[in-house]
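Enquirer: Next comes the sequence, and after it the predicted model I'd like to discuss.
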Amino acid sequence: MQTIQFLHSYWAYLVVLVVFLATFNALVGFFSKTFLKESMAIKISELASLR
(Lines give C-alpha, C1' and ligand atoms only; values in the text may rest on other atoms or scores of the structure.)
Protein backbone atom coordinates (compact mmCIF):
# COMPACT_ATOMS: atom_id res chain seq x y z
CA MET A 1 0.00 0.00 0.00
CA GLN A 2 2.82 2.39 0.80
CA THR A 3 4.42 1.79 -2.61
CA ILE A 4 1.16 2.68 -4.37
CA GLN A 5 0.89 5.95 -2.43
CA PHE A 6 4.53 6.74 -3.24
CA LEU A 7 4.00 6.21 -6.97
CA HIS A 8 0.70 8.07 -6.94
CA SER A 9 2.35 11.09 -5.32
CA TYR A 10 5.02 11.32 -7.98
CA TRP A 11 2.54 10.81 -10.82
CA ALA A 12 0.32 13.54 -9.39
CA TYR A 13 3.21 16.01 -9.22
CA LEU A 14 4.28 15.05 -12.73
CA VAL A 15 0.78 15.65 -14.09
CA VAL A 16 0.57 19.03 -12.35
CA LEU A 17 3.95 19.99 -13.81
CA VAL A 18 2.95 18.98 -17.34
CA VAL A 19 -0.34 20.89 -17.09
CA PHE A 20 1.51 23.97 -15.83
CA LEU A 21 4.08 23.81 -18.63
CA ALA A 22 1.38 23.32 -21.27
CA THR A 23 -0.57 26.30 -19.96
CA PHE A 24 2.55 28.47 -19.88
CA ASN A 25 3.46 27.41 -23.41
CA ALA A 26 -0.04 28.19 -24.68
CA LEU A 27 -0.03 31.64 -23.08
CA VAL A 28 3.39 32.48 -24.50
CA GLY A 29 2.30 31.34 -27.95
CA PHE A 30 -0.94 33.31 -27.77
CA PHE A 31 0.66 36.55 -26.64
CA SER A 32 3.60 36.34 -29.04
CA LYS A 33 1.19 35.95 -31.97
CA THR A 34 -0.88 38.90 -30.73
CA PHE A 35 2.16 41.15 -30.39
CA LEU A 36 3.55 40.04 -33.74
CA LYS A 37 0.28 40.91 -35.48
CA GLU A 38 0.24 44.35 -33.87
CA SER A 39 3.86 45.07 -34.74
CA MET A 40 3.33 43.92 -38.34
CA ALA A 41 0.29 46.22 -38.63
CA ILE A 42 2.38 49.12 -37.37
CA LYS A 43 5.19 48.37 -39.83
CA ILE A 44 2.77 48.11 -42.75
CA SER A 45 1.11 51.41 -41.82
CA GLU A 46 4.53 53.06 -41.53
CA LEU A 47 5.47 51.82 -44.98
CA ALA A 48 2.21 53.09 -46.42
CA SER A 49 2.72 56.54 -44.90
CA LEU A 50 6.19 56.85 -46.44
CA ARG A 51 4.74 57.07 -49.94
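Expert: Done, it's in. Residues are numbered from 1 along each chain as shown.

Enquirer: Count residues in the vicinity of residue 31, would you?
Expert: Neighbour count for residue 31, taken as other C-beta atoms under 10 Å: 10. Every residue, glycine included, has its C-beta placed from N, CA and C.

Enquirer: Please apply the same query to residue 29.
Expert: 10.

Enquirer: quick one: contacts for it?
Expert: Under the criterion of C-beta atoms under 8 Å, 6 or more residues apart in numbering, residue 29 has no contact partners.

Enquirer: The chain should start at 36 in everything you say after this.
Expert: In the new numbering, first residue 36, that becomes residue 64.

Enquirer: State the distance from it to residue 57.
Expert: 11 Å (C-beta to C-beta, to the nearest Å).

Enquirer: Over to residue 44?
Expert: 21 Å.

Enquirer: what do you get for residue 46?
Expert: Distance of residue 46 to residue 57, given as C-beta to C-beta: 16 Å.

Enquirer: cool, residue 43 as well?
Expert: Distance from residue 43 to residue 57, by C-beta to C-beta: 21 Å.
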